[in-house]
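**Q** here's a sequence, model it:
(chains A, B, C and D)
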Number of protein chains: 2
Amino acid sequence: MAKILLVEDDKELRSSLTEFLSSEGYDVCGADGQREAYSYIAQTAFDCILLDISLSDGNGFSICAHIRGMSDVPIIFLTASGDEGSTVAGFELGADDYITKPFRPRELVARIKNATRRTRIEHQELTLGSIRIDTTKGAVFRSGEEIFLSALEYRLLLLFASNKGSLFSRDKLIDELWTVGGEFVNDNTLTVYIKRLREKIEDDPQAPSIIKTVRGLGYKAEDE
Amino acid sequence: MAKILLVEDDKELRSSLTEFLSSEGYDVCGADGQREAYSYIAQTAFDCILLDISLSDGNGFSICAHIRGMSDVPIIFLTASGDEGSTVAGFELGADDYITKPFRPRELVARIKNATRRTRIEHQELTLGSIRIDTTKGAVFRSGEEIFLSALEYRLLLLFASNKGSLFSRDKLIDELWTVGGEFVNDNTLTVYIKRLREKIEDDPQAPSIIKTVRGLGYKAEDE
DNA sequence: AAGGAAAGTGACAAAATTGTAATTTTAAAT
DNA sequence: ATTTAAAATTACAATTTTGTCACTTTCCTT
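**A** Numbering: from 1, shown residues only, chains lettered A, B, ... in the order given. Now for the predicted structure:
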């Protein structure tokens, strides 16, 4: 089931579209402007974004640019008729398609299908609390902002993110990340990496909410 | 459709099992011993491995250890009855389950389903020629051996691997990997990274068979 | 409350990554 | 065959990553 973000300030249109798309089997989030859109985008990996470029706060374009800065998610513009200039500018900012109001809901669905066909397959994302990992790009985002991890930090995070809730013993983690052949690393190496990773992903590294210590047993990571 | 590797030296049993599992919708590769098994493992990401531990060449255990050194793929032992000691040793080497010969094919299918249930979902792999990328681990293998890429090399490779056959202009690549905000990097930086990546993944970096130069236009990568 | 094991911290050298510059090679077009 | 732009190569400093050590803090047990 594809996740769609609808950014539209006309409340009527937003709710009728949400209802229609939901009935078509989509998982729809409605946002009424920039602020709400960003907060959704930071937390969720959408499969398609429907964006009204003539938002009353005038920020349709900046939302588009912001999204393109961090993702290749398909973007479809909803434009008012006679707004040709905007449309052209939109394509330059990386929109994938546009549809002119008023439009038939059926046509919108057709365009969503078309836009998502390519990406749905390869789009593989993981989340861990406010951390989002785009494994098809090897990129990690913290509340929407990309953060840069070293190779080992990335692998450590991936291990936790693809096994949410699992408890990993320190030995197991060292095995997974460091043991090649019969070489061993200092036991403290892991502790240091946990610290470094926490420093990059946790809001309060001293009181970690993502990677939890289970004293005597190991570490585990959970979503909230 | 799940991919299964069957390592069994009894030709009769191998072919009858292959036939049966294929009819159940699995994609089965049969290997008669260590050599053949390794060559398959190096090239393909299997969803489950069925391993006769009492191979005539006596290498069932070393195959198991070898696989565990590079993958978490579920391994099911096929043991001769009365071979309890081997079974215990097998579990210590990381086997997921075992089944004692003679067994009913239906039961084997049940165990395969059980063993693959967890991993099938998260198992996400990409290949590019002899290169295999396990995106759930951030690990890259070249003919079965893990190779270590830097963060940027990894992202560059991922870009090619998840868009096989696509031509990328140099500008597009620089954009994808380096452009954050409005900062630009030296145009040659890309060339150097292409070279470094080729050095690690190509058999003959001077005559690249994976990442191809399209003079004047950019680069593209294909499978063979 | 004291002792001790487990985990965390800060700092350090060695090694690897990263970006750039200077130079050479390659391949297409004249 | 020359020319020339594009790409490849080599080499080099700056920065980052990596693994370890010595030391501190935390938390469980007695």
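
**Q** now whichever residue of chain A sits closest to chain B, nearest residue through space, not along the chain?
**A** In chain A, no residue comes nearer to chain B than A:Thr135, which is 4.2 Å away by C-beta to the nearest C-beta. Backbone N, C-alpha and C define where each C-beta goes, glycine included. Distances taken as C-beta to C-beta, 6 or more residues apart in numbering or on different chains put B:Thr135 closest to A:Thr135, at 4.2 Å, once the chain neighbours are dropped.

**Q** isn't the one you found up against A:Ile133?
**A** No: counting by C-beta atoms under 8 Å, B:Thr135 does not reach A:Ile133; the two are 9.7 Å apart.

**Q** which strand or helix spans A:Ile112?
**A** Using DSSP states H and E, A:Ile112 sits in helix A:105-122.

**Q** give me the residues contacting the helix or strand that that helix is followed by.
**A** Per DSSP H and E, the first helix or strand lying C-terminal to helix A:105-122 is strand A:125-128. With contacts defined as C-beta atoms under 8 Å, 6 or more residues apart in numbering or on different chains, strand A:125-128 is touched by A:43, A:45, A:132-135, A:157-158, A:160-162, A:164, A:201, A:210, A:221, A:223.

**Q** hmm, which of those are the buried ones?
**A** Among the contacts of strand A:125-128, those buried by neighbour count (16 or more other C-beta atoms under 10 Å in any protein chain shown) are A:45, A:132-135, A:157-158, A:160-162, A:201, A:210, A:221.

**Q** and the residues you listed as CSV, adding secondary structure and pLDDT?
**A** What follows is the buried ones among the contacts of strand A:125-128, written out as CSV (DSSP: H, G, I helix; E, B strand; the rest coil; pLDDT from 0 to 100):
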residue, secondary structure, pLDDT
A:Ala45, coil, 73
A:Arg132, strand, 90
A:Ile133, strand, 92
A:Asp134, strand, 89
A:Thr135, coil, 88
A:Leu157, helix, 95
A:Leu158, helix, 92
A:Phe160, helix, 89
A:Ala161, helix, 87
A:Ser162, coil, 80
A:Ile201, helix, 94
A:Ile210, coil, 94
A:Ala221, strand, 88
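
**Q** helix, strand, or coil at A:Val28?
**A** strand (DSSP: H, G, I helix; E, B strand; the rest coil).

**Q** quick check: bridge partners of it?
**A** Beta bridges link A:Val28 to A:Ile4, judged by DSSP bridges.

**Q** could you report the neighbour count for it?
**A** 19 (other C-beta atoms under 10 Å in any protein chain shown).

**Q** wait, it sits on A:Ser22?
**A** Yes: the criterion here is C-beta under 8 Å, and A:Val28 meets it with A:Ser22 at 5.4 Å.

**Q** show me where chain A has strands.
**A** Remark: strands assigned in chain A by DSSP state E are A:3-7, A:27-31, A:48-52, A:75-80, A:97-101, A:125-128, A:131-134, A:139-142, A:145-147, A:167-168, A:211-214, A:218-221.

**Q** could you check how far the most centrally placed residue in chain A is from DNA strand C?
**A** In chain A, the centroid-proximal residue (C-alpha atoms, centre = their mean) is A:Ala45; its distance is 3.3 Å. From A:Ala45 across to DNA strand C, the span is 24 Å (C-beta to the nearest atom of the strand, to the nearest Å).

**Q** bridging residues for the residue lying closest to that residue once chain neighbours are set aside?
**A** Computed as C-beta to C-beta, 6+ apart, the closest residue to A:Ala45 that is not its neighbour in sequence is A:Glu125, at 4.0 Å. Counting by DSSP bridges, A:Glu125 forms beta bridges with A:Asp134.

**Q** can you report how many residues lie near A:Glu125?
**A** 16.

**Q** gap between it and B:Gln34?
**A** To B:Gln34, A:Glu125 is 38 Å away according to C-beta to C-beta, to the nearest Å.

**Q** can you check A:Thr100 too?
**A** Applying C-beta to C-beta to A:Thr100 and B:Gln34 gives a distance of 64 Å.

**Q** higher neighbour count, these two?
**A** B:Gln34 (18 against 15).

**Q** contact partners for that one?
**A** Residues in contact with B:Gln34 (C-beta under 8 Å, 6+ apart) are B:Leu55, B:Asp57, B:Asn59, B:Ser62, B:Ile63.
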